[in-house]
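[1] Need coordinates for the following:
(one chain, ligands or ions: 1)
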Amino acid sequence: MIPGTKNNMERNNINPQDLTMASDANQECFPSNDDLPTVLLHRLPSFNSPLKEILQPHFHLLDPADSPEPASSFLSSHAKSVRALICLYNTPLGAETLRLLPSLEFIVATSAGVDHIDLEECRGRGIIMTNASKAFAEDAADYAVALLIDVCRRISTADRYVRAGLWQVNRDYPLGFKLGRKRVGIVGLGRIGFEVGKRLEAFGCSIAYNSRQKKPSVPFSYHANVVDLAEDNDALILCCPLTEQTHHIINREVLEALGKEGVIINVGRGALIDEKLLVKFLSRGDIAGAGLDVFENEPDVPREVFELDNVVLSPHRAIFTPESLEALNELVFTNLKAFFSNKPLQSVFKIEGKDYPVM
Ligand SMILES: O=CC(=O)O
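    Residues are numbered from 1 along each chain as shown. Sure, this is the predicted structure:
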């Protein structure tokens, strides 16, 4: 729990009057900024987050985006003191920036995917990283299932039909198809993929998955390659991280294997799919539909799909709810506290060998 945050206070029924007194008292015993552990906030100037306010009393936060100095000279002048860095959402964090920070040991990514961070550089330096899939998994999974239901039952299309006054003209709105008992293949069985599987099992779907390795304790059936997964299932749901190996993992062969009745849902990253090819398959009816929360060149979406009723579009929002953002704040706070007191971290991965974090 983060001391002093609004929602926690409400949950714990703290009287606001006590709080004012408590915070007055705390002010006196708060350590000065110099005694607090230093944390660098790495963000695009357009990205803001309540995290800053939440962390401020507990850490000496450095935020180059707030400084009039160019970021590189700001970083160089604080380089020695920075052992921990928060990388806000998908702010690119390349080798060049990382090399300005020779004392860096720990990166807290506030995203589930970390394809915007130079993992090679981190790996070479033994930098430890945590991601945010623990905070986001349930909401991302709900969203993936919602997209699948929407595509199958044509809900967004039905909404447009009613709003356009077409119901009065034509009572014969085309039927969608049943979700229950469908065969669903999940690409990437990390935290998000597993939550998707749990939810769809409850709908009576059969669940299979592809991931780098078979997971011994998972009740779903494993396919070692994505073409076989597509061939054997009615829908594919993409929940894997974007890496060199997964870039365009959904290619012609996979789309052909999925077939005319097949549906694809993407809550991972746009570049998991060869997007131009997907548009062709959708336009020609060579697959049945798609639910897309992510795109290759966000926020640009291929214009052709705007005309297609078999596609549900969403602006990269699957992970976000007020609750998931609160969970994220807790996770970041807990991990920073743990790091500076040598306690175990949550959602941690040491970037070793060919290992990538799960989403
Ligand atoms: O897509 C969002 C994330 O990776 O957190």
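
[2] Pretty sure Arg252 sits against Leu277.
    Yes - with contact defined as CB atoms under 8 Å, Arg252 and Leu277 form a contacting pair (5.9 Å). From N, CA and C alone the C-beta is placed, and that goes for glycine too.

[3] When these two are compared, which one has more neighbours?
    Leu277 (16 against 12; other CB atoms under 10 Å).

[4] residue contacts, the more buried one?
    251-252, 255 (CB atoms under 8 Å, 6 or more residues apart in numbering).

[5] and if you look at Pro315?
    Taking CB under 8 Å, 6+ apart as the definition of contact, the neighbours of Pro315 are 293, 298-299.

[6] now, which of these sits nearest the ligand?
    Distances from these to the ligand were compared by CB to the nearest ligand atom; the smallest belongs to Asp293, at 8.0 Å.

[7] Quick one: neighbours of the closest one, just the number.
    Neighbours of Asp293 under the rule other CB under 10 Å: 24.

[8] just the one 3 residues further on next, same as before
    Other residues lying near Glu296 total 17 when counted by other CB under 10 Å.

[9] gap between the closest residue to it other than its chain neighbours and the ligand?
    The shortest distance from Glu296 to any residue other than its chain neighbours is 4.1 Å, reached at Gly270 (CB to CB, 6 or more residues apart in numbering). Here the criterion is CB to the nearest ligand atom, to the nearest Å. By it, Gly270 lies 10 Å from the ligand.

[10] go on, Glu261?
    For Glu261, the distance to the ligand (CB to the nearest ligand atom) stands at 28 Å.

[11] ok, now which ones touch the residue nearest to Glu296?
    Each residue near Gly270 by CB under 8 Å, 6+ apart is listed here: 292, 294-298.

[12] Tell me the pLDDT of it.
    As summarised for this prediction, Gly270 has a pLDDT of 98.

[13] quick one: the helices in this structure?
    If you assign secondary structure with DSSP state H, the helices in the chain sit at 6-11, 16-29, 51-55, 71-78, 95-99, 119-125, 133-153, 155-163, 166-169, 191-202, 226-231, 252-258, 275-283, 322-340.

[14] In CSV, list those along with distance to Gln213.
    Output for those, formatted as CSV (distance: least, CB to CB, whole Å):
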stretch, distance to Gln213
helix 6-11, 38
helix 16-29, 48
helix 51-55, 33
helix 71-78, 38
helix 95-99, 28
helix 119-125, 19
helix 133-153, 17
helix 155-163, 36
helix 166-169, 49
helix 191-202, 13
helix 226-231, 14
helix 252-258, 20
helix 275-283, 27
helix 322-340, 25
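
[15] Please produce a markdown table containing the ones you listed, extended by distance to Asp309 and mean pLDDT.
    Formatted as a markdown table, the helices of the chain follow (distance: least, CB to CB, whole Å; pLDDT from 0 to 100):
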| stretch | distance to Asp309 | mean pLDDT |
| --- | --- | --- |
| helix 6-11 | 40 | 46 |
| helix 16-29 | 51 | 35 |
| helix 51-55 | 40 | 95 |
| helix 71-78 | 45 | 92 |
| helix 95-99 | 44 | 96 |
| helix 119-125 | 39 | 94 |
| helix 133-153 | 10 | 98 |
| helix 155-163 | 5 | 97 |
| helix 166-169 | 12 | 96 |
| helix 191-202 | 24 | 98 |
| helix 226-231 | 23 | 98 |
| helix 252-258 | 19 | 98 |
| helix 275-283 | 10 | 98 |
| helix 322-340 | 30 | 97 |
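
[16] how close does Thr157 sit to the ligand?
    According to CB to the nearest ligand atom, Thr157 stands 25 Å off from the ligand.

[17] Distance-wise, check the residue lying closest to that residue once chain neighbours are set aside relative to Ala290.
    Computed as CB to CB, 6+ apart, the closest residue to Thr157 that is not its neighbour in sequence is Asp309, at 4.6 Å. Distance of Asp309 to Ala290, computed by CB to CB, to the nearest Å: 11 Å.

[18] Give me the more crowded residue out of the two.
    Taking other CB under 10 Å, Asp309 and Ala290 do not tie; Ala290 has more neighbours (25 against 13).
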